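Q: let's see this in three dimensions:
(2 chains)
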Amino acid sequence: MAVEDFQPRMVGFLCNWCSYAGADMAGTSRMSYPPNIRIIRVPCSGRVDPLLIVKAFQQGADGVLVAGCHPGDCHYVEGNYYARRRLALFRLLLEFIGIDPRRLCVEWVSAVEGKRFSQVVTSFTEELVRLGPRSEVQVGA
Amino acid sequence: MARIGVFICHCGTNIGGVVDIPRVLEAAKEMPQVVFVDGNKYTCSEPGQASVREAIIENQLDKVVIGSCSPRMHERTFRNTVASAGLNPYLLEIANLREHCSWVHGYDKEEATAKAIELIKMAVAKVSRHEALFPKEAGITKRALVIGGGVAGSQAALDIANAGYEVVLVEREPTIGGRMAQLDKTFPTLDCSACILAPKMVDVGQHPNITLRTYAEVRKVGGFVGNFEVEILQRAKMVDHTKCTGCGTCWDKCPEKVDSEFDLGLGKRTAIYIPFPQAVPPKPVIDTDHCRHIKYRQFMEEGGEGKPPPKCLICEKLCPAEAIDWSQQDEIITEKFGAIVVATGFKTFDYTAYEEFGGGRYPDVITSLQLERLMNAAGPTDGEVVRPSDGAHPKTVVFISCVGSRDERKQRSYCSKVCCMYMAKHAIMLKEHDPDVQCYIFYIDIRAGGKDFDEFARRAQEEYGALYLRGRVSKIYQDCKKLIVLGEDTLMGRPVEIPADLVVLATGIEPSDGAAELAQTINISYDTHNFFVEAHVKLRPVETQMDGIFLAGCCVGPRDIPESVAQGSAAASKVTDLFSQERLVTDPMVAVIDAMKCTGCMLCATICPFNAIDSQTTRDGRIMAVVNESLCKGCGLCTAACRPGAANLRGFTQQQLLAEVTSLWQ
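A: Predicted coordinates for the structure are as follows:
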C-alpha cells in the first residue's frame, strides 16, 4: 500500500471532564481533523487500564491516543498523575511486545482547548501515516 | 438477548446535512441485538422524545442507543426520556455524532458517514453490556457557604438568607464589599458606588441568617453535594468583636502607619484598622505584620539581641471596651454545608509588566482603580484629583485602554469588558471635577454593548470633549514635570505626542490571587487564565461540574456590577432550589468490588483520591475492599489499578470499554 493511501485506525480514550469536552469544543468551533479516530469516553485518564490499549493493538489499531486533563487540573484531583506514570512505564512494555511506542500518544487537553485537540489528532494521524501500517507482530493469541 | 433500539437525530442539518443518516440506519439494523431503528429531525424536542418513548413501549425495547449531540449536552435529557418509557435510565448510551463527527468532518461526507456507523456500532456494543443502575438517597444539610463578600457574594448570601436558610459568608479581607467598595461612581448612571453598596453590606452584616466570617479563608473542602465538610481558617483579629463597639479610638491613636491596601498605596492606614469608613463589620483587626506590640512580643520570644522595640499597647490602654485580645490565635473551624457559592472576584492586571508604560517607575502613571480612589470623597485625597508625585492638579490626562486585555504578548487574550465604559466615566467625571481638564483616550475599539452604554460613551466625547485616539501607545517617558506619551492615531495615520500631567492605565480584570489553588481545593475546573469554568457557558452559567457548587461574579470572567448581582441571585436560586428537596439522589455510576476476586491488597484504597474505599474483614477472616458509595465519585482509578480485576466502575466497566474497542474490528 502506498504510504499516502494508508488510513490508520486509531482509538482515543478521552477523559470526560477535559479532553472529551475539548473534543466537543473542537466540534463546536468546527475545527476539523482527520476522521480516523474513534473516541471512547472514560471518566478519567486514570481509568485507562493498559489492557484496553493492548486490546486495541491486538485487534489491529495503528495507534492509541490517551488524553486527560493537564497535570494539576484533574477533576478527580490526581487521576492523570497515575495515568502519566502508568503509561510511561507501559511504553517500555509496548516496545517489549513488539509495538512501536510512538503508536501510543499521551496528551493533555483541557475543556477549552478545542484547537489543541484538533492539532493533537491531526499530528498524531500524520505520525501514524509516516510510520505506515503495523508490521505483522501478533500480540497474544 | 437484549432488544436494542437505535435512534438517530438529524439535529436539523447539523448531523443530517453531513452524515447520510438513512445509510447509518441501514447499517445499524444489521448490528447484533438491534431490533429497531429510527431517525428523527430533533430527538431532543418534545415530539422527538415522544417518538422515542412510544417506540420503546411499542417494540418492547430494553436498551437504547441515541446518536445525537455530545452526551455532555443531553445525556440527562435522554435518560429522562428513557425513564419515562419505563426503562431504567442507565440503559442508554449516546453516540456523539455531532461534536465528534459531523461538525469536524463536514468536508468529507463519505468518511463522516463511515465514522458515524462505527460510533453507533461502539455504542451498541457498550449498551448491550449496560446494567440497570439505581441511585441511592442521602440527606442534605440546609446551610450554604458563600466564599467572597463582594457584591456578587453579598447578593447570593442575602438571597439565600432571605429564603430562610442559614448562610456563612467567608471573606479574606477584614471587611466585605469587595472591589465595588473601592469605586467612586458607577457607569452609566454615575450612581455613587458606596451609597448603593453600603446598605447592602449592612443588610448582610445584620441579617439573622447570615454568619459573617471576615479575615478568614477556606482551606479544605471534602464531602459531596448536600454534605460538604469545609475547613475554614479564621485568622486572628486580636480584637474581641463581641466587646468592640467600633468607636474608632484605637485606629485614631495607633502610631504605626502603613500603606493602605484599600487605597492601593495612595494613602496610609494604621496597624489596627478598618479598611474604609463603611466597613462591615465596622470593627477593626490588628495587622500582625506591622503592629508594634506584636513585633515587641516576637522580639522577646525569640530573645533577640539589642534594645527591644517599644511595647506600645496604646490601643489596649485606650480601648474603652477592653476588646483588645492578644491571646487570639489563627484557628481552623470545621463546618458542614449543603451547597457552596464561589464568588471570589477579581484583581486588576499588574501593569509593571508593560515596560513601555514605565513599568511602575513613574509615580504619575496610575491605574484606573487608583484614580477611583483619588476621585472618591472618602479617599486618600478627600476627592481631590492630584498627581501622586507633587500634589498638583493635572490638566492633561491620557488614558490607555486594554492594559492587560486583548494582548497575546501578555497572555491576556480576552477583553475585560468594563474598561471602555469606566474610561468614559472617568473622562466625564474629571471634566466635572475640573472643567479645564483635557482627556485623551487611546483605544483599540470602543466596546459599549449594554443598556445606555453607547450613549454614555458618546456623551464623554460630545458633551465632555474627551478626545478618542484609535491606536496604541508605544512609549511614555518623563520630561521635567510632564509625561511624554508617544502613540499613534491609526485613523489619521500619524504619530502623536502628548505632554501629559497624569497617565491612567485601564488595567484589565484577572482572577483574584489564589483562585487556582481554591479551585483545586474545592475540585472545580479553571481555565488557562485561572477563571473558573461553568458547567455550560450558555445554559448553566452559574453551575460547575461539581454538584452543589455554584459560581457568581468576576471569578468566572470579566463582568460588570449588574451582571455580578444577577449572577449572585442566580446562584442563590440554585442553592434554594437544591435546599427545597428533602433528600438527594446520588450518582449510581460508582465503583463496586467483586468479593470473589478481591485479594485484600488494598492498593485501591491507597490510590483512591476520595478515601472512598475501606477494608472489611469477612466472616471467614479474609480482608477485602468495600466502596463507600456516597464518597465515590466514579473516577475509576481503582478499576484500572486493581490487579485481580475485582474493582469495576459501573457505567464504564471493563467489559463495556473492551466491547467498545473490539466492536471496531467486528
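
Q: so B:K115 versus B:T13, what's the distance?
A: Counting by CB to CB, to the nearest Å, the gap from B:K115 to B:T13 is 18 Å. In short, each C-beta sits where N, CA and C put it, glycine included.

Q: no no, B:Q655
A: B:Q655 sits 37 Å away from B:T13, taking CB to CB as the criterion.

Q: got a pLDDT number for the most far-flung residue of chain B relative to its centre?
A: In chain B, the residue that sits farthest from the middle, by CA atoms, centre = their mean, is B:D620; the gap is 50.7 Å. pLDDT, B:D620: 88.

Q: tell me the SS of it?
A: Secondary structure, DSSP: H, G, I helix; E, B strand; the rest coil: B:D620 is coil.

Q: format the CA atom coordinates belonging to stretch B:579-586 as CSV.
A: Below are the C-alpha coordinates for stretch B:579-586, written out as CSV (Å, rounded to 0.1, in the frame of the first residue of the first chain):
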residue,chain,number,x,y,z
PHE,B,579,-32.4,23.0,49.6
SER,B,580,-36.1,22.7,48.7
GLN,B,581,-35.5,19.0,48.3
GLU,B,582,-35.7,16.8,51.4
ARG,B,583,-33.3,14.1,50.1
LEU,B,584,-30.7,13.9,47.3
VAL,B,585,-30.2,11.1,45.0
THR,B,586,-26.5,10.1,44.4
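
Q: name the surrounding residues that touch that stretch.
A: B:135-140, B:142, B:144, B:163, B:165, B:224-226, B:338-339, B:578, B:629-630 (CB atoms under 8 Å, 6 or more residues apart in numbering or on different chains).

Q: next, the buried residues of it.
A: The neighbour-count check on stretch B:579-586 (16 or more other CB atoms under 10 Å in any protein chain shown) flags B:579, B:584, B:586 as buried.

Q: could you do stretch A:106-120 as well?
A: Residues of stretch A:106-120 classed as buried by neighbour count (16+ other CB under 10 Å): A:106-114, A:116-120.

Q: show me where chain A has strands.
A: A:10-15, A:37-42, A:63-68, A:104-108 (DSSP state E).

Q: just checking, what packs against the shortest one?
A: Pointing back at strand A:104-108 there. Helices and strands touching strand A:104-108, as assessed by 3 or more CB pairs under 8 Å, 6 or more residues apart in numbering or on different chains; DSSP states H and E, comprise strand A:63-68, helix A:79-96, helix A:114-131.

Q: pipe the strands of chain A into a markdown table and attach mean pLDDT per row.
A: Shown next, in a markdown table, are these (pLDDT from 0 to 100):
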| stretch | mean pLDDT |
| --- | --- |
| strand A:10-15 | 96 |
| strand A:37-42 | 97 |
| strand A:63-68 | 97 |
| strand A:104-108 | 97 |
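
Q: closest one to B:Q33 among those strands?
A: Closest approach to B:Q33 among the strands of chain A is made by strand A:37-42 (19.7 Å; CB to CB).

Q: by contact count, what packs against the closest one?
A: Partner elements for strand A:37-42 (3+ CB pairs under 8 Å, 6+ apart): strand A:10-15, helix A:19-28, helix B:109-127, helix B:654-663.

Q: that one to strand A:63-68, inter-axis angle?
A: Computed by axes from the mean of the first three to the mean of the last three CA atoms, to 10 degrees, the angle separating strand A:37-42 from strand A:63-68 equals 40 degrees.

Q: strand A:37-42: partners in the sheet, and parallel or antiparallel?
A: Taking DSSP bridges as the criterion, strand A:37-42 forms sheet pairs with strand A:10-15 (parallel).

Q: now do the strand it pairs with: distance to the chain's middle.
A: Averaging C-alpha positions (CA atoms, centre = their mean, to the nearest Å) puts strand A:10-15 5 Å from its chain's average.

Q: how about it: buried residues?
A: A:10-15.

Q: using CSV, list the CA coordinates for it.
A: Only the C-alpha atoms of strand A:10-15 are listed here, as CSV (Å, rounded to 0.1, in the frame of the first residue of the first chain):
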residue,chain,number,x,y,z
MET,A,10,-7.0,5.0,15.9
VAL,A,11,-8.7,4.6,19.2
GLY,A,12,-8.8,7.6,21.5
PHE,A,13,-9.5,7.3,25.2
LEU,A,14,-10.6,10.7,26.4
CYS,A,15,-11.4,11.8,29.9
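
Q: and the angle for it with helix A:19-28?
A: Using the same axes, to 10 degrees: strand A:10-15 against helix A:19-28 is 110 degrees.

Q: how big is the angle separating strand A:10-15 from helix A:114-131?
A: Interaxial angle, strand A:10-15 versus helix A:114-131 (the same axes, to 10 degrees): 150 degrees.

Q: what's next to strand A:10-15, contact-wise?
A: For strand A:10-15, contacts defined as CB under 8 Å, 6+ apart pick out A:20, A:22-23, A:36-45, A:47-48, A:52-53, A:56, A:61-69, A:75, A:79-80, A:109, A:121, A:124-125, A:128, B:661, B:664.

Q: and what of stretch B:152-164?
A: Here stretch B:152-164 makes contact (CB under 8 Å, 6+ apart) with B:144, B:146-147, B:149, B:167, B:169, B:171, B:176-178, B:200-201, B:203-204, B:207-210, B:341, B:343, B:345, B:550, B:552-554, B:564-565, B:567-569, B:571-573, B:575-576, B:579.

Q: for the nearest residue to B:P188 once chain neighbours are set aside, give me its contacts.
A: Leaving out its chain neighbours, the residue that sits closest to B:P188 by CB to CB, 6 or more residues apart in numbering or on different chains is B:F456, at 3.7 Å. By CB under 8 Å, 6+ apart, the residues touching B:F456 are B:187-188, B:421, B:424-425, B:448.

Q: in helices, which of the residues you listed appear?
A: Among the contacts of B:F456, DSSP state H puts B:421, B:424-425 in helices.

Q: what residues does the stretch 201-350 of chain B put near chain A?
A: Residues of the stretch 201-350 of chain B found near chain A (CB under 8 Å from any CB of the partner chain): none.

Q: please, where are all the strands along the stretch 201-350 of chain B?
A: Taking DSSP state E, counting those that start in this stretch, the strands of the stretch 201-350 of chain B run over residues B:210-213, B:216-224, B:227-234, B:257-259, B:268-270, B:272-273, B:285-286, B:331-337, B:339-342, B:346-348.

Q: what's the most buried one of these?
A: Mean neighbour count (mean count of other CB atoms under 10 Å in any protein chain shown) peaks for strand B:339-342 among the strands of the stretch 201-350 of chain B, with a mean of 29.

Q: which strands and helices lie in contact with it?
A: Counting by 3+ CB pairs under 8 Å, 6+ apart, strand B:339-342 packs on strand B:143-147, helix B:151-162, strand B:227-234, helix B:515-522, strand B:549-551, helix B:561-579.

Q: tell me the strands beside it, with direction?
A: In the sheet, strand B:339-342 lines up against strand B:143-147 (parallel), strand B:549-551 (parallel) (DSSP bridges).

Q: how about those in a markdown table, adding mean pLDDT?
A: Listed next are these as a markdown table, based on pLDDT from 0 to 100:
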| stretch | mean pLDDT |
| --- | --- |
| strand B:143-147 | 98 |
| strand B:549-551 | 96 |
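
Q: let's have the ones you listed in a markdown table, adding mean neighbour count.
A: As requested, the strands paired with strand B:339-342 are exported to a markdown table (neighbours: other CB atoms under 10 Å in any protein chain shown):
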| stretch | mean neighbour count |
| --- | --- |
| strand B:143-147 | 28 |
| strand B:549-551 | 28 |
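
Q: closest one to B:C312 among those strands?
A: B:C312 sits nearest to strand B:143-147 of all the strands paired with strand B:339-342, at 34.6 Å, using CB to CB.

Q: can you list contacts of the closest one?
A: Residues contacting strand B:143-147 (CB under 8 Å, 6+ apart): B:153, B:156-157, B:160, B:165-170, B:218, B:228, B:230, B:335-344, B:518, B:575, B:579.
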